[in-house]
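Asks: Structure for this input, please:
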Amino acid sequence: MLASKEIRESFKSFFASKAHKIVPSAPMVIKGDPTLMFTNAGMNQFKDIILGNVPVKYPRVADSQKCLRVSGKHNDLEEVGHDTYHHTMFEMLGNWSFGDYFKKEAIGWAWEYLVDVLGLNPDHLYATIFEGSPSENLTRDDEAADYWAQFLPASHILHGDRHDNFWEMGDTGPCGPCSEIHIDIRPEAERSATPGHLLVNKNHPQVIEIWNLVFMQYNRKADGSLENLPARVIDTGMGFERLCMALQGKTSNYDTDVFQPVIQAIAQMTGYAYGADKQKDVAMRVVADHVRTIAFSITDGQLPSNAKAGYVIRRILRRAVRYGYTFLERREAFMYRLLPALIETMGDAYPELAAQQELAGKVMKEEEDSFLHTLETGIRLLEKKMDEAKAAGRKILNGTDAFMLYDTYGFPLDLTELILRENGMQADIEAFHVEMQKQKDRARNAAAIETDDWIVLQNGETKFVGYDFFECDAMILRYRKIKQKNRELYQIVLDKTPCYAEMGGQVGDSGLLVSDAENVPILDTKRENNLPVHLVATLPADVTAPFTVKVDREKRIRCECNHSGTHLLHEALRATLGAHVEQKGSYVSPESLRFDFSHFQKLTTDEIRKVERWVNERIRADIPLEEYRSMPIARAKEMGAVALFGEKYGEEVRVVKFGTSVEFCGGTHIPSTGMIGSLYIVEESSIAAGVRRIEAVTAQGAEKFFYKHQDAIRELRALMNNVPNLAQSLAKTIEENAELKKQLTAYLKEKVISLKKRLLDEAVERNGTKLLLFKGNGNIDAFKDLAFQIKYENQGKVCFVAGIADRDKCLLMVMLSDELVAEGLNASQLVKEASRFIEGGGGGQPHFATAGGKNVGGIDKAIDAVLETAGLK
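Replies: Residues are numbered from 1 along each chain as shown. All right, here's what the predicted structure looks like:
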């Protein structure tokens, strides 16, 4: 039986023998592509080639690509772990042809590899082909059918509709028919009873697709019509985990050696045997799947967070923690302890796992600890909501509350339902899904961009000249209209441009498109599918005219000062803190710079000063920029160039050097460090376990920072009568203020005792209840303390009602003893009904509630309303 490591290598070796260039996996986390957060298919890293935006370097390519899917066909996150063959993170084995071979070779080599090399039984294989689509004038894929007929009987060549057998990159772009290879791994008795062709694409867990061969031959235009691609593309993707299942004689991906080492580690950790309990098995599969996703994401540079890709990773991590909490009784962080088993399984193919193990472990543990605390908080909140519903005589938790638990506390609906069932309740599922759809609609509308087809004026590629020039002559190659957030804009691609397109943390340039007839402002420059795209509000009147493209020079130079500053800062941190410091992200704008790096504790004031001095010494040295634009990557590494985890580099790279600072970098930089002026660290903070963030300013930004603090000190001195020792004087003032507060607290305490005695002396008996009333001015916090003192120092039925005026505001307060609450009175309902008289609102608990308002004159009516409703008038 082949091990998974051997299977992965056999695929690469086979296609290397067919003259394919074997390339490394791209990072699973995508940077610089606004249309994708994660690599969800093997073709993602080749998208620019397929779209014709970059030239073909290797016409034949193969690889094993790490991918992540959490939505789409068969990829609902909430279903992962419940079946045997779907995952969040998975590997895709693929081979590509860019204008070289097509269907004949793709089908023939797929058969040769599966049957002749791996030895799969051909009787268990099925192929689907596109049946055609009359509405689009697309005929049956007879060509693919004829090639398959050389290997398979007619009963094993099946028709598929547009949904299953016509692949499209998106609403527009390259597309074409595809041919799926399915395998039937059922026992012989089941195959004899029910032919496999009846179960293909029927969601049978043992009759599954293992390889999809996509034949890209069309381009989908914005109006929905199709045109032939100038260069046809083969794009294939085979599920590595499914292939291992078929070859290792298993009926579940989770039973293969891809997952079993991790699952057995979970079993050993929890004391539960895998296979003994259905619910615990699901939980183990969820954890085994999700720990791979989380670890690979962190090593690729994506930390869990509350935004975009980081939110997806946090959601996946929390789902795993929740399954461990609910079904495996994990009450403390545990997933980070699975990393050694994962590295043992996948570390050879993906060495970044071992290299980043310490960081991944610390981030995972902190996230697990945080969410376990959140879970406890969420459970208490759910218990409170259940108590409120029961008090109101309801056995159904409203959908808004269920969704709040899901959205804010990471409670999946099934956990909420489980706890509700244990308490004889249920959730309003329909209302929950309404809230969920509202959120999805909001997200979709915020991100939606409508695009027209490109209007191509000239063929060609953009040449970037911005490393050397702030302006250049150019012609428009293509343009199109887009609509985003109800605003119409235009994207323009030029044959040459000095404008830097946003990438690598550096913001894009703005500037002007100048012709003899007009000046068109360039609002921004973005990178879309590796195309530098210039964003303008209005299209030039004559798009065929020659233009001069001018960069906003001041903005660019300020960006360059901050960008070069990050390079010096990176080296300073490594020199000060140690070689373990690695860049984890950066953002460079004209105003400031942000630099994220690996380090496991807060920087001291001395360390921050040391870093600043180190950088500013290099700035004063006015070190010139040394730039190497097309250096072989091996040579760059010999120079000591710092590479970033999570970045994919080509065979040739650009290297930026300032003295001993040497980094791979594609951004723009100042000619020498002296232009930076100075660098000051504004803030240092933690953004995740083991990851710190520095925010800093340079050049004019540093001047503004200095002047701001100088002005603040000057104002403080003036407030303190220009004392010579400001810090000493402030400390004395703070000390005196604290003493005065202490005296005031003691005074208020005495006043409360005195007022309590007066209120008790003036209390009246109404309907068997001791009633205490107050109306007047006072300190609200003191009255809250007073209310609870009255409650706990008096037995029997006691009600305290206060109307407190505080300048132009007022507060209505109601306290009820437990005996009155037991009889059905509710302080929260009382203040809510009476708050209209003070033009306010509020609420609270059944025994204590408050309502704030702005109509001081309505206090008497509000108090009367409380007494009337409570039957104490």
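Asks: Please name the bridge partners of residue 396.
Replies: On the basis of DSSP bridges, residue 396 is bridged to residue 426.
Asks: Please name every helix or strand in contact with the helix or strand of the chain with the lowest mean pLDDT.
Replies: Lowest on mean pLDDT, DSSP states H and E among the helices and strands of the chain sits strand 449-451, with a mean of 77. Contacts defined by 3 or more CB pairs under 8 Å, 6 or more residues apart in numbering; DSSP states H and E place strand 449-451 against strand 476-484. (Each C-beta comes from the backbone N, C-alpha and C, glycine too.)
Asks: Pairing partners for the strand it packs on, with directions?
Replies: Per DSSP bridges, strand 476-484 is paired in its sheet with strand 449-451 (antiparallel), strand 455-456 (antiparallel), strand 487-494 (antiparallel).
Asks: per-residue confidence at the residue of the chain positioned farthest from its centre?
Replies: Distance from the C-alpha centroid of the chain, by CA atoms, centre = their mean, peaks at residue 761 (62.0 Å). pLDDT, residue 761: 90.
Asks: Against residue 850, how distant is it?
Replies: 25 Å (CB to CB, to the nearest Å).
Asks: now, of the strands paired with strand 476-484, which is deepest in the fold?
Replies: Comparing the strands paired with strand 476-484 by mean neighbour count (mean count of other CB atoms under 10 Å), strand 487-494 comes out on top with a mean of 19.
Asks: which other residues reach the following helix or strand past that strand?
Replies: Heading C-terminal from strand 487-494, the first helix or strand you meet, by DSSP states H and E, is strand 496-497. Strand 496-497 has contacts (CB atoms under 8 Å, 6 or more residues apart in numbering) with 462, 463, 464, 465, 466, 472, 473, 474, 525, 532, 534, 549.
Asks: what about the spatially closest residue to the fifth one that is not a sequence neighbour, neighbour count?
Replies: Using CB to CB, 6 or more residues apart in numbering and skipping the chain neighbours, the partner closest in space to residue 466 is residue 498 (4.2 Å). Taking other CB atoms under 10 Å as the neighbour definition, residue 498 ends up with a count of 25.
Asks: Residue 185 too?
Replies: Close neighbours of residue 185, defined as other CB under 10 Å, add up to 22.
Asks: thinking again about what came up before, ok, residues contacting the least confident helix or strand of the chain?
Replies: 172, 222, 480, 481, 482, 483, 484.
Asks: Nearest to residue 311 among the residues you listed?
Replies: The shortest gap between residue 311 and any of the contacts of strand 449-451 belongs to residue 484, at 21.3 Å (CB to CB).
Asks: and the closest one, what are its bridge partners?
Replies: residue 449, residue 487.
Asks: Report how many residues lie close to it.
Replies: 14.
Asks: For residue 53, see how far away it is.
Replies: 21 Å.
Asks: re the thing from before, now the least confident helix or strand of the chain, how far from the centre of its chain.
Replies: 22 Å (CA atoms, centre = their mean, to the nearest Å).
Asks: let's have the chain start at 9 instead
Replies: OK, 9 is where the count begins now, so the last one is strand 457-459.
Asks: what about residue 781, helix or strand, and which?
Replies: Assessed by DSSP H and E, residue 781 sits inside strand 777-785.
Asks: same for that strand, what does it pack against?
Replies: Using 3+ CB pairs under 8 Å, 6+ apart, strand 777-785 is in contact with helix 734-769, strand 772-774, strand 806-814, helix 867-878.
Asks: Just the angle for the longest one relative to strand 777-785, thanks.
Replies: Meaning helix 734-769. Compare the direction of helix 734-769 with that of strand 777-785 by axes from the mean of the first three to the mean of the last three CA atoms, to 10 degrees and you get 140 degrees.
Asks: SS state for the closest residue to residue 29 other than its chain neighbours?
Replies: Nearest residue to residue 29, sequence neighbours excluded (CB to CB, 6+ apart): residue 66, at 3.9 Å. Under DSSP: H, G, I helix; E, B strand; the rest coil, the three-state class of residue 66 is coil.
Asks: contacting residues around residue 66?
Replies: Applying CB under 8 Å, 6+ apart to residue 66 gives the contacts 28, 29, 31, 106.
Asks: Please tell me how far it sits from residue 243.
Replies: The span separating residue 66 from residue 243 equals 14 Å under the rule CB to CB.
Asks: Count the neighbours of residue 799 for me.
Replies: Neighbour count of residue 799, defined by other CB under 10 Å: 17.
Asks: Test my guess that it contacts residue 855.
Replies: Yes. Here residue 799 reaches residue 855: they are 7.3 Å apart, a contact under CB atoms under 8 Å.
Asks: what sits in contact with each of those two?
Replies: Residues touching both residue 799 and residue 855 (CB under 8 Å, 6+ apart) are 823, 825.
Asks: so where's this protein shaky on pLDDT?
Replies: By pLDDT under 70, the weakly predicted segments of the chain are 40, 42, 79-84, 418, 451-456, 653-654.
Asks: related to what we said a few turns ago, among the helices and strands packed on strand 777-785, which is the most enclosed?
Replies: Buried most deeply of the helices and strands packed on strand 777-785, by mean count of other CB under 10 Å, is strand 806-814, with a mean of 22.
Asks: Following element in sequence after it, please.
Replies: Next along from strand 806-814, by DSSP H and E: strand 817-824.
Asks: What residues sit buried inside that following strand?
Replies: 818, 819, 820, 821, 822, 823, 824 (16 or more other CB atoms under 10 Å).
Asks: which SSE is residue 620 in?
Replies: Here residue 620 is assigned to helix 613-628, by DSSP H and E.
Asks: Check residue 717 too.
Replies: helix 707-727.
Asks: Now do that helix: everything it contacts.
Replies: The contact list for helix 707-727, computed with CB under 8 Å, 6+ apart, reads 566, 569-570, 599-600, 683-688, 690, 705, 731, 734, 738.
Asks: between these, which has the most around it?
Replies: residue 570 (31 neighbours).
Asks: Endpoints of stretch 457-465, how far apart?
Replies: 23 Å (CA to CA, to the nearest Å).
Asks: cool, and stretch 132-146?
Replies: 30 Å.
Asks: just stretch 47-57 next, same as before
Replies: OK, stretch 47-57 end separation, CA to CA: 16 Å.
Asks: Which residue ranges of the stretch 159-308 of the chain form helices?
Replies: Under the criterion DSSP state H, counting those that start in this stretch, the stretch 159-308 of the chain contains helices at 170-173, 196-201, 248-255, 268-278, 286-307.
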